[in-house]
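**Q** Pasted the sequence and its predicted model underneath.
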Amino acid sequence: SYDEIHQGSGTGIYVGGVPLSTTYSGGTYSLRNPSTGNYTTDSGNTTTTGTTMTDADDRWGTGSNSNRQSAAVDAQFGADKTFEYFKTTMGRNGIWNDGRGARSRVHYDSNYTNAFWDGSQMTYGDGAGNANPLTEIDVAAHEMTHGVTQNTAGLVYYGDAGGLNEASSDILGAGVEWYANLASDSPDYLMGEQIDLNGNGTPLRYMDKPSKDGQSYDCWNSSMNSWPAKGTGDPHLTSGPLNHWYYLASEGSGAKSINGVSYNSPTCNSSTVTGAGHDKIEKIWYRTLSTKLTSASRYTAAREGAIQSAIELYGASSQACASVEKAFSAINVPA
Ligand code: ASN
Ligand code: ZN
């Protein structure tokens, strides 16, 4: 006998109603997609892995936080969309580029307000207080992209490389949100905007002007590479300049409203930048991450590698190439 692939459906907290490919075996459905290999377990508010989620009728979740399947629908859909995004837009076959999927664990610990990649799997807490589960699609794609980074450039998690590592997850996390294009979670240049981690409706991070969060950096400076990975040198703060680069190269400098969100992206050098569209910039960044950078790469190597990638993908006289170069100058990374 063999496991059959089934077309189930689910309602997540963020994704709304979505189709889900599931497995039917031994009289029950499992939240495992046989084509991607991605599957989701319920940690049961412990720090153990728990077991793969099962269901009797292949209708998963209700959209409510109190229904334990809802967060699982978001995590599983996010993992499958991320897999599909890397495959169809980047030509990468999963985190390990060998077609294998990954496990997502939901309801990890109690009052746990974080999500993480640990080298082999994604894990999501439910959030403490008024925060919602950490399973929004840009965050799911952020965590999965940590796996891609680990298996490509292998960027270490401190100094310039730490910032480039974190920003790679934010950039491609936003890329997956654009790719999924959900009505219930419209694409934007914000991270985790619906999780409400801060309890006041603000996102985890802003890419147009990272310093809007009160602590991230908008502009690169050469001493960042020697800052410790804790406090001021936290990779979630030193990611700011590259996130800012991504926004500038995609949309250009100045004020703009997209899908109902207002952005205002000033440059660090008083220049004006014209955007080339986020889809091209994501492809350029993925090519840089997977073919130009190594574990201790600095922001200057990111500039050089991204310009080279833009030339290879779109040509030296393309708008994309000009936008990439001008946006690096605009975050104060010199040639
Ligand atoms: N959610 C965080 C991240 O993926 C966890 C961490 O600080 N590494 O960046
Ligand atoms: Zn991260």
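**A** Structure's in. What do you need? Ligands and ions are numbered 1, 2, ... in the order given.

**Q** what's the burial count for Ala229?
**A** Counted by other Cβ atoms under 10 Å, the residues lying close to Ala229 total 14. To be clear about C-beta, it is placed using only N, CA and C from the backbone, and glycine gets the same treatment.

**Q** Now do the contacts for the nearest residue in space to it that is not next to it in sequence.
**A** Counting by Cβ to Cβ, 6 or more residues apart in numbering, Tyr158 is the residue found nearest to Ala229 once chain neighbours are left out, at 3.7 Å. Residues near Tyr158 by Cβ atoms under 8 Å, 6 or more residues apart in numbering: 228-229, 233, 235.

**Q** Could you tell me which of the residues you listed are located in strands?
**A** Among those, no member falls in strands (DSSP state E).

**Q** Out of those, flag the one nearest to ligand 1.
**A** Taking Cβ to the nearest ligand atom as the measure, ligand 1 sits nearest to Pro235 out of those, at 7.3 Å.

**Q** thinking again about what came up before, mind giving me the PyMOL select for the contacts of Tyr158, buried ones only?
**A** Burial among these is assessed by 16 or more other Cβ atoms under 10 Å; the matching PyMOL selection reads:
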select buried, resi 233+235
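
**Q** For the stretch 151-300 of the chain, which residues score under the pLDDT cut-off?
**A** Within the stretch 151-300 of the chain, no range satisfies pLDDT under 70.

**Q** show me where it has strands.
**A** Here the stretch 151-300 of the chain has its strands, by DSSP state E, counting those that start in this stretch, at 190-191, 205-206, 254-258, 261-265.

**Q** Could you dump those strands into a markdown table and include distance to ligand 1 and mean neighbour count?
**A** Output for those, formatted as a markdown table (distance: least, Cβ to the nearest ligand atom, whole Å; neighbours: other Cβ atoms under 10 Å):
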| stretch | distance to ligand 1 | mean neighbour count |
| --- | --- | --- |
| strand 190-191 | 10 | 23 |
| strand 205-206 | 10 | 26 |
| strand 254-258 | 25 | 13 |
| strand 261-265 | 22 | 16 |
